[in-house]
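*Asks:* build me a model from this:
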Amino acid sequence: MSESKRQYLIRAVSGEPDWSSIPQLAADHILWRPDCGIRAFGQLCHDAEHLYVHLRAVEAKIRAEYTAPLSMVCQDSCLEFFFMPEGGDRYFNFEINPNGCLYIGFGHNRWDSTTLYPKNIRELFAIRTERTPDGWEVFYRIPLSFVRLFLPDFSFSGSLLANVYKCGDLTEQEHYLAWNPVDFPEPDFHRPQDFGIMAFE
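*Replies:* Numbering: from 1, shown residues only. This is a model prediction of the structure:
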């Protein structure tokens, strides 16, 4: 495993997290396009039943067009979390825009991925988005029971290979940011070999 991979500790909490006590990571690798000043941050924690995710963007010119299920939210202002168990070969990609429109994929790579759409998606993941003075943020939770539908042996233990991204393909300022660097000459976040390491407490 490359020594260049970033690491993050997913803290254990009891129920709804106090985000003020959770360490923050920065998606500060600016990729493929010039720096336009957009910034992104993430926080993760877990209890016995859920993985909690809080992502935040510093972004003045927000694009939020999509509201329909299965929309290509990566074309809007978008915050993304990709993850898989360490040693696994399939990953989830959670991509969300400021409207709380969530796109979920699961597979081996960009060309071998299944789009997932639970009927009660907003309630299942408790999605909440907010505009902030300097941008926007999203909160959601991923139930352990949902992950186990696809990875029956998964648990909140050991480590994940994961990455946090910020993008906006059709925003006024096209941009791509990542927590762990992506070693590829053109935009592509679907590269598990470039994921960092997130260990469960």
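
*Asks:* can you show me the helices along this structure?
*Replies:* 121-124, 144-148 (DSSP state H).

*Asks:* need the ones you listed in a markdown table (columns: mean neighbour count, distance to residue 17 and mean pLDDT).
*Replies:* Glycine gets a C-beta too; all of them are placed from N, C-alpha and C. Listed next are the helices of the chain as a markdown table, based on neighbours: other Cβ atoms under 10 Å; distance: least, Cβ to Cβ, whole Å; pLDDT from 0 to 100:
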| stretch | mean neighbour count | distance to residue 17 | mean pLDDT |
| --- | --- | --- | --- |
| helix 121-124 | 14 | 18 | 96 |
| helix 144-148 | 15 | 15 | 98 |
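
*Asks:* okay if I get these as TSV plus distance to residue 97?
*Replies:* Output for the helices of the chain, formatted as TSV (distance: least, Cβ to Cβ, whole Å):
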stretch	distance to residue 97
helix 121-124	13
helix 144-148	20
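
*Asks:* how about these, which one is nearest residue 181?
*Replies:* Between residue 181 and the helices of the chain, the shortest gap by Cβ to Cβ is with helix 144-148, which sits at 26.0 Å.

*Asks:* contacts for the closest one?
*Replies:* The contact list for helix 144-148 (Cβ atoms under 8 Å, 6 or more residues apart in numbering) reads 48-51, 92, 118, 124, 154-156.

*Asks:* now those: which count as buried?
*Replies:* 50-51, 92, 124, 154, 156 (16 or more other Cβ atoms under 10 Å).

*Asks:* C-alpha coordinates for stretch 128-135, CSV please?
*Replies:* C-alpha atoms of stretch 128-135 as CSV (Å, rounded to 0.1, in the frame of the first residue of the first chain):
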residue,chain,number,x,y,z
ARG,A,128,-30.2,17.3,5.1
THR,A,129,-28.7,20.1,3.1
GLU,A,130,-28.1,23.7,4.1
ARG,A,131,-26.9,26.9,2.4
THR,A,132,-24.1,28.6,4.4
PRO,A,133,-22.8,32.1,4.2
ASP,A,134,-19.9,30.9,2.1
GLY,A,135,-21.4,27.9,0.3
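
*Asks:* state the mean pLDDT of that stretch.
*Replies:* Across stretch 128-135, the average pLDDT comes to 98.

*Asks:* repeat for stretch 10-22
*Replies:* 95.

*Asks:* can you check stretch 49-56 too?
*Replies:* The model assigns stretch 49-56 a mean pLDDT of 98.

*Asks:* CA atoms only: put it into PDB for me.
*Replies:* What follows is stretch 49-56, C-alpha atoms only, in PDB (Å, rounded to 0.1, in the frame of the first residue of the first chain):
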ATOM      1  CA  GLU A  49     -25.900   1.200  13.200                       C
ATOM      2  CA  HIS A  50     -24.800   4.100  11.000                       C
ATOM      3  CA  LEU A  51     -21.900   5.800   9.300                       C
ATOM      4  CA  TYR A  52     -22.500   9.500   9.600                       C
ATOM      5  CA  VAL A  53     -21.200  11.900   6.800                       C
ATOM      6  CA  HIS A  54     -20.900  15.700   6.900                       C
ATOM      7  CA  LEU A  55     -19.500  17.400   3.700                       C
ATOM      8  CA  ARG A  56     -19.100  21.100   3.300                       C
END
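
*Asks:* thanks a lot, see you next time.
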